[in-house]
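Colleague: Got a predicted structure here, sequence first:
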Amino acid sequence: MAAVDVVVSNLVTLWRIPAVRRNFPRMFLVISVVGSILKELQFVPQTYFSSRRNFLNVYFVKVSWGWTLLLLTPFVLLSNTAFSRNAVFLGKRLLSVAVATAVWYACTTTFFYIEGVTGSCFQTDSMDVKTDRFASIAECKHAGFYWHGFDISGHSFILTYSALLIMEETASMASLKTASMSALPRVVLNLLYVALNLIVILWVWMFICTSVYFHDVSHKVVGTAAGLGAWYLTYRLWYLKPLSPGLPPQHQLREQKQLRLRSSIDPLHSQ
């Protein structure tokens, strides 16, 4: 597993660069705007990824939240166990995943509601013949017609939010390089970390594809802004407060051990 250790070390080094973490969220908004402009100007040729039926879209993006939870939940549990086995502490850290799921559900449900109340049913995709026989998206599409409303890009939202969530929750990996862990948990943690980074790369790529091939400009920008806003309100505002799941621990375990050792040798040091 030496190769995996090297990959993990390189990834940790990359994410510890301040400019990378600072500009990663901004990148999504830039891609959304630039990609939308390229789409409107028709500068990007049609490719395999311009089809909604491409493999990555069907089997990954359509269930992107499931993939994120599948990999992130065990990582959060295993990584935070290395810091503390306290049930309250672990519960708070897992609560961050539950909060993220609630945010995902609330936003996607709201997007669907907005599309419904702002839209109408049309007999053709060109919106030249409107029909008032169907009042809901489900009824309209079931009849083989087309619903047109303000369709906030769920892909832009979830890909942005998922990538930023992973960035935040895996930040503790830099501290875990010095943690004392048995072989099996260490291997599992490293594999989960690499898999999460691969998922982030996939999410960014599919976000680019969404930006240059699908949705109107406003739909994508609003979806991206919602993802950025959900991340900012939690990890940059709420999680800094005492009554919150809190941020992932990022202090060095080695320094903790040295402090405890000094305190045991010199009781006055801890007073």
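Modeller: Looks like it came in fine.

Colleague: Check the chain and tell me which residue is nearest its centre.
Modeller: Centroid check for the chain by C-alpha atoms, centre = their mean gives S162 as the closest residue, at 0.9 Å.

Colleague: Would it be right to say that that one lies in a strand?
Modeller: No - assessed with DSSP: H, G, I helix; E, B strand; the rest coil, S162 is helix; it does not lie in a strand.

Colleague: Surely it touches L69?
Modeller: No - using C-beta atoms under 8 Å, S162 is not in contact with L69; the gap is 9.4 Å. Placement of C-beta: from N, CA and C, glycine included.

Colleague: follow-up on the earlier one: so what's the residue nearest to the centre of the chain up against?
Modeller: The contact partners of S162, by C-beta atoms under 8 Å, 6 or more residues apart in numbering, come to 64-65, 68, 199, 203.

Colleague: Next: E168.
Modeller: 231, 235, 247-248.

Colleague: Can I take it that it is in a helix?
Modeller: Yes - according to three-state DSSP, E168 belongs to a helix.

Colleague: Tell me how far it lies from L189.
Modeller: Using C-beta to C-beta, to the nearest Å, E168 is found at 17 Å from L189.

Colleague: low pLDDT regions in the chain?
Modeller: Low-confidence segments of the chain (pLDDT under 70): 178-179, 251-271.

Colleague: all strands for it, in order.
Modeller: 120-122, 130-131, 146-148 (DSSP state E).

Colleague: Make TSV from the ones you listed and add distance to L95 to it.
Modeller: Shown next, in TSV, are these (distance: least, C-beta to C-beta, whole Å):
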stretch	distance to L95
strand 120-122	41
strand 130-131	46
strand 146-148	37
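
Colleague: ok, back up a step: which among the contacts of S162 end up buried?
Modeller: For those, a burial check counting by 16 or more other C-beta atoms under 10 Å picks out 64-65, 68, 199, 203.

Colleague: Among the residues you listed, which ones are in helices?
Modeller: With DSSP state H as the criterion, helices contain 64-65, 68, 199, 203 from among the buried ones among the contacts of S162.

Colleague: And those, which is closest to V34?
Modeller: V34 has its nearest neighbour among those in W203, at 17.5 Å by C-beta to C-beta.

Colleague: Tell me the spacing between A226 and G154.
Modeller: Distance from A226 to G154, by C-beta to C-beta: 9 Å.

Colleague: what's near enough to touch W67?
Modeller: Counting by C-beta under 8 Å, 6+ apart, W67 touches 60, 199.

Colleague: before we move on, what about Y161?
Modeller: 100, 103-104, 107, 226-227, 230-231.

Colleague: check contacts around T210.
Modeller: Per C-beta under 8 Å, 6+ apart, neighbours of T210: 35, 153, 155-156, 159, 220.

Colleague: For A82, state which of those residues is nearest.
Modeller: Distances from A82 to the contacts of T210, taken by C-beta to C-beta, are shortest for L159, at 29.1 Å.

Colleague: hang on, isn't the closest one packed against W205?
Modeller: No - L159 is not in contact with W205 according to C-beta under 8 Å; the separation is 9.4 Å.

Colleague: Which of those two has more residues huddled nearby?
Modeller: A count of neighbours by other C-beta atoms under 10 Å puts L159 above the other of L159 and W205, at 29 against 14.

Colleague: From R53, how far out is the more buried one?
Modeller: Distance from L159 to R53, by C-beta to C-beta: 18 Å.

Colleague: Where do the helices of the stretch 51-200 of the chain begin and end?
Modeller: With DSSP state H, counting those that start in this stretch, the ranges of helices along the stretch 51-200 of the chain come out as 55-59, 64-81, 87-118, 137-142, 154-169, 173-176, 183-213.
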